[in-house]
Each structure stands twice: as C-alpha cells, then as structure tokens.
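build me a model:
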Amino acid sequence: MGKRTKARECALQMLYQWDITREPMDRVTGLFWQVRTSTDETRAMAERLARGAQADLARLDEEITRASHHWRFDRIAAIDKNILRLAVYELLREPGTPSSVVIDEAVELAKRFSAADSPPFVNGILDAIKARVRNEPAGEARSRAGGERPRKEKGKGHD
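Numbers count the residues shown, from 1 in each chain. Have a look, this model is predicted:
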C-alpha cells in the first residue's frame with residue numbers, strides 16, 4: 001500500500017472516530033498514533049486530511065447532501081459519510097490531486113471498510129460533486145446518486 005493510500009486510510013479512521021465520539025481532534029489523533037506507526041510524511045498527510053475535513057464539515061456535508069438525490073444525509077451510513085467527507089475535502093482543497101485519484105481512492109476505502117453496495121454509491125456521489133466543484137465533466141459513474149439506495153445504518157431506512 002502506498003504512502004498516500006495509507007494516509008487516506010488513517011485519515012478515515014481518525015475522522016470516523018471523531019464523528020462517533022466527538023472528542024477533540026487533538027485527542028483523537030494523539031490516541032490514534034499511540035496504536036499506529038507511520039512515516040512522518042504519511043502521518044502529516046493523514047492529519048491534514050482528517051483535520052481539514054473535520055474543520056470544513058458543514059461545507060462538505062452540504063456538498064454531499066446536494067449530490068445525494070432521493071437519499072437523506074442522516075440515512076447514509078457513518079463510514080460512508082466519512083469516506084465521502086474526506087474525498088470531497090480533497091476535491092475542494094487539494095487541487096493538485098487529480099479527481100480520478102481522489103474518487104478511485106474513496107471507492108477503494110468503501111470496498112475495504114463498508115458494505116458491498118457502498119462503492120458504486122460513493123462513486124456516483126463523488127462524480128456528481130467533481131463535476132460541480134472542479135468543473136470537470138461527469139464520467140460514466142455507476143451512479144447510485146440518482147436515487148438507488150446505499151447501505152443504510154441498522155434501524156434506519158429511506159426517506
């Protein structure tokens with residue numbers, strides 16, 4: 001696994017932990033690095049992404065909500081929300097990273113950490129956001145953004 005891929009994975013885990021616990025991000029990152037080892041470069045990128053996404057949460061959630069047609073934001077599984085938040089943060093704030101890389105990495109995170117139907121959902125949402133925030137044409141995404149249901153959290157359903 002490459003350094004940037006590992007950094008995204010670590011960032012996802014930190015952001016998810018913050019989202020679930022709402023502990024201060026400094027505490028989350030401190031505890032995270034007590035049980036994980038990493039290079040300085042990977043650690044710096046992971047923290048930049050996690051802290052950046054957490055700090056820009058309202059804007060990221062707004063973008064995700066706008067692209068999630070026929071699916072309420074509060075019904076999206078927590079892990080999928082955080083995968084999307086990280087990727088949208090990169091699309092908005094890391095213009096040096098190609099959109100295709102951001103989306104591919106997010107889809108891989110969804111494959112690794114979420115349910116079987118999450119990767120196409122993540123792909124579709126991010127493709128729609130990419131078209132809007134980077135002014136790039138939407139690709140041939142296997143989109144679920146148009147209304148198909150992503151994995152839901154236990155006890156929750158569609159609108």
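
what's the burial count for the closest residue to residue 73 other than its chain neighbours?
Closest residue in space to residue 73, ignoring its immediate chain neighbours: residue 65 at 4.5 Å, by CB to CB, 6 or more residues apart in numbering. Every residue, glycine included, has its C-beta placed from N, CA and C. Residues near residue 65, counting by other CB atoms under 10 Å, number 15.

contacts for the strand or helix carrying residue 65, please.
Element membership of residue 65 [criterion: DSSP states H and E] is helix 57-67. With contacts defined as CB atoms under 8 Å, 6 or more residues apart in numbering, helix 57-67 is touched by 53, 73, 76, 81, 84-85, 88-89, 92, 125-126, 128-129, 132-133, 145.

cutoff 10 Å now
Taking contacts as CB atoms under 10 Å, 6 or more residues apart in numbering, the residues outside helix 57-67 that touch it are 15, 18-19, 52-54, 56, 71-74, 76, 80-82, 84-89, 91-93, 124-133, 143, 145.

just list what the next helix or strand after it packs against, helices and strands only.
As assigned by DSSP H and E, the chain's next helix or strand after helix 57-67 is helix 78-93. Packing partners of helix 78-93 (3 or more CB pairs under 10 Å, 6 or more residues apart in numbering; DSSP states H and E): helix 3-21, helix 40-55, helix 57-67, helix 99-113, helix 118-133.

looking at the ones you listed, which is buried most?
Most buried of those by mean neighbour count (mean count of other CB atoms under 10 Å) is helix 118-133; its value is a mean of 22.

roughly how far out does it sit from the chain middle?
For helix 118-133, the gap between its own C-alpha mean and the chain's C-alpha mean amounts to 10 Å (CA atoms, centre = their mean, to the nearest Å).
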